[in-house]
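S.K.: Have a look at this prediction, sequence included:
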Amino acid sequence: MIKYLVASFSLACCLATGSAAKSADFQLLIVLDGFRPDYLSEELTPNLFSLSEDGVFFENHHSVYPTVTRVNASSFVTGCYPAKHGLMENTVYFPKVNPTGGLSTGSRDNLEKIMASEDGNLLTAKSLGEILQDNGKTLMAFSSGSSGSCFLLNHKVSGGAIFHYEYTLPESLAEEAKNVLGPEPEEGYPNEAVSHRAMTALIEFGFKRMKPEVMIIWLTDPDHTAHKFGIGSPMTEKSISLVDGEIGRLLKFLDNEGLRDRTNILVSSDHGFSMHAGKVDLVTLLAQHGFKKSKESTDAVVVGPTIYVENSNPEKIEGIVSVLQKTPEIGAIFTKAKEPGSPEGWVEGTLSFDLIHWNHDRSADILVSADWDDAKNEYGYKGRSMNRGVAGHGSSSPWDIHNTLIANGPAFKKGIKNPVPSGNIDLAPTLLSLAGVEPLDSMDGRVLTEAMVEGPDPSSVEVDKEEFQVGRDVDGTKYWLRLNESAVGETQYIDKTTTSRE
């Protein structure tokens, strides 16, 4: 029997709408991959701490689920959830490119193959670079992350540029970039040399030479190092200190050049981070229950946490979901909506793709999150998921969903902590508004007006909360799934999911 519950309440009263007037020459988004909000401290990150104390710290910021890098890179530049932008996971399934397995979106080469197979539509929502170009403005992207995550920041280049340590676009800039920045650096743990090169590229080509209205720089640490060494480890803390040092180098340059008061700075992360303690492998789990892959037939293609069932066979989908609901390390399970717009999935005991903004022609048949808890590690950091490996992200736990956002610059209020929910989907509309461009009505995100000098007081912003619950008895196991959501106006944010078994 499915049980379904919705509860809601309001925390305050009203949200002012409309665009902020342009108040600076440059709008800069700094993305620190995998930077948890509790990494921020005066001791470990003095430059970031100073930015937050002198500007706005967002106490309730949200990653996009699935909480992985390339999904969020796509949301950063479209202001949309995956249901609109179409980049569904870090590893994706495009049968026209590879009919038997997934494609890593960390590879620019893979993304270009997908783009060719999709008639140029790598993303199915208009991106920041394209919108700016339509309005006579320019976006430039700089990155020490993967070639794919960098490419997604401005995949059509759109009159701007991309500077990555492996490539430069347009290629007409490649020789100059090599002369100024030197040869490709070696990756390491921490990824110091690669991050240093990305920041040098931002300063030399962004601020000194090309001077675009909007810039994005993506630094791969602490994610790169924390995956290997874990949250709070000496190596991870060193990586955090180093990226903070790069931000300090940028701020010193801006001060020396008189650009600080002409630059609005947003610092965000793509997702949070958790310790990992799981052992379940979906491919092995399904094979153990009779769902197999052979030369003649494929019951299911498992691509990361997504499952594509042959011909979307309903009986096989229900059978796989039943296995997942009985497996303790599995958390939230999502399927297509029972009916359009319904929060319930069509398979009993699941929530819907519509509820999590994941319903797209490219969606799998099943999306799975690992379960999680609040366990604390040896360094005092909380948050553990049942994914495999040392540490990482991707789940719908609050430790993976809640991430970092700081705003500082002439457009923003000084010295406040903003409790109003916000999300990575809000960055594109906010950057456009700051640059004097009207955000698209099709964007899921909103302009973060309550953080701006002329915006409303955060305490006056209405916040709605809802909880959705479904349940099912599977062979004597009672599986319960709950999802908590916040909303500001029409903009919705997933707070967390929780599961229990009896």
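M.R.: Thanks, I have it.
S.K.: Please identify the helix or strand for S50.
M.R.: helix 46-54 (DSSP states H and E).
S.K.: Pull out the buried positions in the helix or strand just after that helix.
M.R.: Next along the chain after helix 46-54, taking DSSP H and E as the criterion, comes strand 56-58. By neighbour count on 16 or more other CB atoms under 10 Å, the buried set for strand 56-58 is V56, F57, F58. Just so you know, the C-beta spots here come from the backbone N, C-alpha and C atoms, and that holds for glycine as well.
S.K.: Which parts of the stretch 151-300 of the chain are helices?
M.R.: Listed in chain order, the helices found in the stretch 151-300 of the chain under DSSP state H, counting those that start in this stretch are 174-181, 192-201, 223-229, 234-256, 282-288.
S.K.: out of these, nearest to L355?
M.R.: Smallest distance to L355 across the helices of the stretch 151-300 of the chain (CB to CB): 21.9 Å, for helix 282-288.
S.K.: mind checking how far that closest one is from the chain centre?
M.R.: Remark: helix 282-288 is offset 28 Å from the chain centroid, using CA atoms, centre = their mean, to the nearest Å.
S.K.: again with stretch 476-490
M.R.: 20 Å.
S.K.: Okay, buried residues for that stretch please.
M.R.: Y479, W480, L481, R482, L483, N484, E485, S486, A487, V488.
S.K.: which residues touch the helix holding S50?
M.R.: Residues from elsewhere that reach helix 46-54 (CB atoms under 8 Å, 6 or more residues apart in numbering): 40-42, 244-245, 247-248, 251, 265, 267, 406, 408, 414-415.
S.K.: which of those residues are buried?
M.R.: Of the contacts of helix 46-54, these count as buried by 16+ other CB under 10 Å: L40, D244, G245, I247, L251, I265, V267, I406, N408.
S.K.: quick revisit: relative orientation of the helix holding S50 and helix 234-256 in degrees?
M.R.: 60 degrees (axes from the mean of the first three to the mean of the last three CA atoms, to 10 degrees).
S.K.: Buried ones in helix 46-54, by neighbour count?
M.R.: For helix 46-54, using 16+ other CB under 10 Å, the buried residues are N47, L48, F49, S50, L51, S52.
S.K.: Turn these into a markdown table, including distance to S363 and pLDDT.
M.R.: A markdown table is the format used below for those (distance: CB to CB, whole Å; pLDDT from 0 to 100):
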| residue | distance to S363 | pLDDT |
| --- | --- | --- |
| N47 | 40 | 98 |
| L48 | 36 | 98 |
| F49 | 40 | 98 |
| S50 | 43 | 98 |
| L51 | 38 | 98 |
| S52 | 37 | 98 |
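S.K.: Looking at those, which is nearest M88?
M.R.: L48 (31.2 Å).
S.K.: any idea how far that closest one lies from E246?
M.R.: Per CB to CB, to the nearest Å, L48 is found 11 Å from E246.
S.K.: what are the bridge partners for T498, then?
M.R.: Residues in a beta bridge with T498, per DSSP bridges, are R482.
S.K.: repeat for D473
M.R.: Beta-bridge partners of D473, as defined by DSSP bridges: K478.
S.K.: Can you report how many residues lie near it?
M.R.: Using other CB atoms under 10 Å, D473 is surrounded by 13 other residues.
S.K.: Start at 607, not 1
M.R.: That works, and once the first residue is 607, the last one we named lands at D1079.
S.K.: now the helices for the stretch 1007-1108 of the chain?
M.R.: Counting by DSSP H, counting those that start in this stretch, the helices of the stretch 1007-1108 of the chain are 1033-1040.
S.K.: Count the neighbours of H895 for me.
M.R.: There are 15 residues near H895, going by other CB under 10 Å.
S.K.: What separation do you get for it and K1020?
M.R.: 58 Å.
S.K.: try A893
M.R.: Distance from A893 to K1020, by CB to CB: 58 Å.
S.K.: Phi, psi for K732 please.
M.R.: The phi/psi pair for K732 (degrees, to the nearest 10) reads phi -70, psi 140.
S.K.: returning to what we had before: which stretch among the helices of the stretch 757-906 of the chain comes nearest K1102?
M.R.: helix 829-835 (20.6 Å).
S.K.: CA atoms only: put the closest one into CSV for me.
M.R.: What follows is helix 829-835, C-alpha atoms only, in CSV (Å, rounded to 0.1, in the frame of the first residue of the first chain):
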residue,chain,number,x,y,z
ASP,A,829,37.2,17.4,-4.7
HIS,A,830,40.2,16.0,-6.5
THR,A,831,42.1,15.4,-3.3
ALA,A,832,39.2,14.5,-1.0
HIS,A,833,38.1,11.6,-3.2
LYS,A,834,41.5,10.0,-2.6
PHE,A,835,42.3,11.0,1.0
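S.K.: That helix - contacts with which helices or strands?
M.R.: With contacts taken as 3 or more CB pairs under 8 Å, 6 or more residues apart in numbering; DSSP states H and E, helix 829-835 sits against helix 840-862, strand 997-998.
S.K.: what does it contact?
M.R.: 639-641, 675, 793, 795-797, 839, 841-842, 844-845, 876, 879, 995-999.
S.K.: likewise stretch 893-900?
M.R.: D905, A906, V907, K922, G925, I926, V929.
S.K.: That stretch - what's its average pLDDT?
M.R.: The pLDDT scores in stretch 893-900 average 82.
S.K.: Now name the helix or strand holding the residue nearest the centre of the chain.
M.R.: Nearest to the geometric centre of the chain sits N678, at 2.6 Å (CA atoms, centre = their mean). According to DSSP H and E, N678 maps onto helix 675-684.
S.K.: In contact with A883, which residues?
M.R.: A981, R990, S991, M992.
S.K.: ok, those vs L728, which is closest?
M.R.: Nearest member of these to L728, counting by CB to CB, is S991, at 29.0 Å.
S.K.: Distance check, the closest one against L973.
M.R.: From S991 to L973 the distance is 15 Å (CB to CB).
S.K.: So for these two, which sits in the more crowded spot?
M.R.: Counted by other CB under 10 Å, S991 and L973 do not tie: S991 has more neighbours, with 30 against 26.
S.K.: How about the contacts made by that one?
M.R.: By CB under 8 Å, 6+ apart, the neighbours of S991 are 880-884, 937, 976-978, 998, 1000-1001, 1003, 1005-1006.
S.K.: Narrow those residues to those in strands?
M.R.: S880, M881, H882, G937, A976, W978, G998 (DSSP state E).
S.K.: Tell me, please, the helix or strand in the chain that averages the lowest pLDDT.
M.R.: Within the chain, no helix or strand scores below strand 611-616, which has a mean of 38 by mean pLDDT, DSSP states H and E.
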